Structure formats: structure tokens, C-alpha cells
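just coords:
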């Protein structure tokens, strides 16, 4: 198990500074770095356990907050903007490449949920990225969301449109919960919502609140098209019982990528966040994959 140092960092991006944390292994040679991209409405502290697992394995890892979330600058708060988030990711990659003790030619993009789509899309336009890991990645919405009635879908769409109209008019966002029980108007409805929220109720930057206008952008988001342009290895990790980013949609990303691989794990979308054994198993597989890929890319 490698020793590592944690560094609080900041870097410039669109409309202000972004806050992050760099986990750098205590090695004599520059280390590869895994730049980690959060999901919809998420914050970097939810990725700390993943970053620590990578650092203990001798790989540097960098987590950060998108603009308007967590410790990063940006207003209005809690608004997901896909284009600006990808700008933030490119800025984070630039920071990592220039950081002391990091091998600039072995940068990996890693993404969770919506961040998985971002990692694939960003890497497709950056030939210097060494590999991509996308777990429970977004690749379009399922035709029917399990547990959500047509009436609930209409209420959610009304909230999304209302928030988008407020944004266009320069008014304050119309916020709704990120995660809620099946009866609530929320971005994600799940029977295990209360359990999921309770694990994040203290000591976190994450807030169960978001402006839903970003869903309109996601309806037009096509990460599978970017996956087809990837020239580097892609590992897709998915949960067999995931109703948010279903296996059949995630599989398309691995199938479209020329060097794509998919691995399935028991559990739901939330297992990757809150279930320790799942996280340790998935992280170990990802680390093995990256050690093999990065060894081949040593110059």
C-alpha cells in the first residue's frame, strides 16, 4: 500500500476558481493521475474514498467541484450546465498535467454517472488522455423510469421547464430535490432514497437540491457518439439493477468504443455511492485495468 499526500488545490476555469484535492503518492518518479468527474449535482467529497483507493495503489488522483457546487466559485449555485462542466474538466486536466510529481502523458479521465459521460466526451477530443473509466455512466434517459407514474413525470417536466424559463429571464433558480422517495418531485426517485440521503447528511458539501434545467441539456446529450471516436482504452462499470443508468444504455458506450470493455456488478445505482464492498471491488478492478493500460503507455 503506497503512502500519499493530500493537497488542497485551486485552478482557474470559466467564471472563477475551482476547488479540488490532489492525492499524490509518495514516489520517486512522476505518477499517472486519475482526474475524477462527479455526477449530476454531486460534489468532490463523495469521491474521496475512490481517490484514496487509487492513491493507495500508487496512482495520483484529483477530485474537484464544478462551478456553482461545493467549494468552487460560480453563481447561481446548484445549477448543472453541461458545457461549462466540460470546460471545468479540461481545466482540471490542464492543472494536473502541470502539477509537480505528475506524469503529464499518463492522465486518465474517470467519471461517475453524468461525469462518466463527460469523461468519455472530453477524452474523445483530447488525444493525450491515456485511458477512460466510466462507472454507472449516463447515456440517455430510459424510456420509462421505474416507479415514476406518468403524472409524476409531467410534474417533473413542469418543474424543469419552469426553472429553464426562470434561467432565461435571469431570475433565481427553481430548486427541487436531487433524490427523493417515489412520491416526490425529484431528479431521482428511489425506494432507498432516505437511506442514501442519511449516509450523506453530515460532513458533506453535497446538498439535496438542484436547479432541474440541466435535464433539458441531457436530453440532447449523446456520449455514445463520442465513445465511437475514442482512441484509448475505455472501461465501463455498471450495476445490474441500475434503473437510472440502465445496463443496456451503458453497454452501448463500451460497444461503440473501439477499445471498450464492460464489467457488471450486483447492485443498484446507489450501490456505487454507499456500499463499501461494492466500491472496493469495483475500485480494485479499475486499478488493475489502469495498471495494465498505463504500463503499456510508459515512454
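Cool, got the structure. As the structure is a computational prediction, the values presented were derived from the model and not from experiment.

buried residues, the host helix or strand of residue 22. List them.
Under the criterion of DSSP states H and E, residue 22 resides in strand 16-25. Residues 18, 19, 20, 21, 22, 23, 24, 25 are the ones in strand 16-25 that count as buried (16 or more other CB atoms under 10 Å). Where C-beta positions appear, they are placed from N, C-alpha and C, glycine not excepted.

what is the orientation angle of whichever helix or strand comes after it with strand 16-25?
Using DSSP H and E, the helix or strand that directly follows strand 16-25 along the chain is strand 31-37. Note on geometry: by axes from the mean of the first three to the mean of the last three CA atoms, to 10 degrees, strand 31-37 and strand 16-25 are set 140 degrees apart in direction.

show me what the helix or strand just after strand 31-37 is in contact with.
Following strand 31-37 in sequence order, the next helix or strand is helix 48-56 (DSSP H and E). Taking contacts as CB atoms under 8 Å, 6 or more residues apart in numbering, the residues outside helix 48-56 that touch it are 1-2, 4, 21, 23-25, 34, 36, 60-63, 110, 112, 279-280, 283-284, 287.

export the buried residues of strand 16-25 as a markdown table, with columns for pLDDT.
Output for those, formatted as a markdown table (pLDDT from 0 to 100):
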| residue | pLDDT |
| --- | --- |
| 18 | 98 |
| 19 | 98 |
| 20 | 98 |
| 21 | 98 |
| 22 | 98 |
| 23 | 98 |
| 24 | 97 |
| 25 | 96 |
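
can you redo the residues you listed as a markdown table with distance to residue 216?
A markdown table is the format used below for the buried residues of strand 16-25 (distance: CB to CB, whole Å):
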| residue | distance to residue 216 |
| --- | --- |
| 18 | 24 |
| 19 | 27 |
| 20 | 28 |
| 21 | 31 |
| 22 | 34 |
| 23 | 35 |
| 24 | 38 |
| 25 | 41 |
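
those residues: which two are farthest apart?
Greatest spatial distance among the buried residues of strand 16-25 (CB to CB): 18 and 25, at 22.8 Å.

thinking again about what came up before, tell me the one of the buried residues of strand 16-25 nearest residue 71?
residue 19 (3.7 Å).

contact partners for the closest one?
Counted by CB under 8 Å, 6+ apart, residue 19 has contacts 8, 9, 10, 44, 64, 65, 70, 71, 72.

how much space between the first one and residue 65?
The one in question is residue 8. Per CB to CB, to the nearest Å, residue 8 is found 12 Å from residue 65.

who's more crowded, the two?
residue 65 (22 against 9; other CB atoms under 10 Å).

out of everything not next to it in sequence, what's closest to that one?
Computed as CB to CB, 6 or more residues apart in numbering, the closest residue to residue 65 that is not its neighbour in sequence is residue 72, at 4.0 Å.

so the one you found makes contact with residue 12?
No - in this structure residue 72 lies outside contact range of residue 12 using CB atoms under 8 Å: 11.1 Å.

could you give me the buried positions within the top helix by length along the chain?
Across the chain, the longest stretch assigned as helix under DSSP state H is helix 276-296. Buried residues in helix 276-296, counting neighbours by 16+ other CB under 10 Å, are found at 278, 279, 281, 282, 283, 286, 287, 289, 290, 293, 294.

so which elements touch it?
On a contact count with 3 or more CB pairs under 8 Å, 6 or more residues apart in numbering; DSSP states H and E, helix 276-296 meets strand 31-37, helix 48-56, strand 102-112, strand 129-135, strand 234-239, strand 260-265, helix 271-274.
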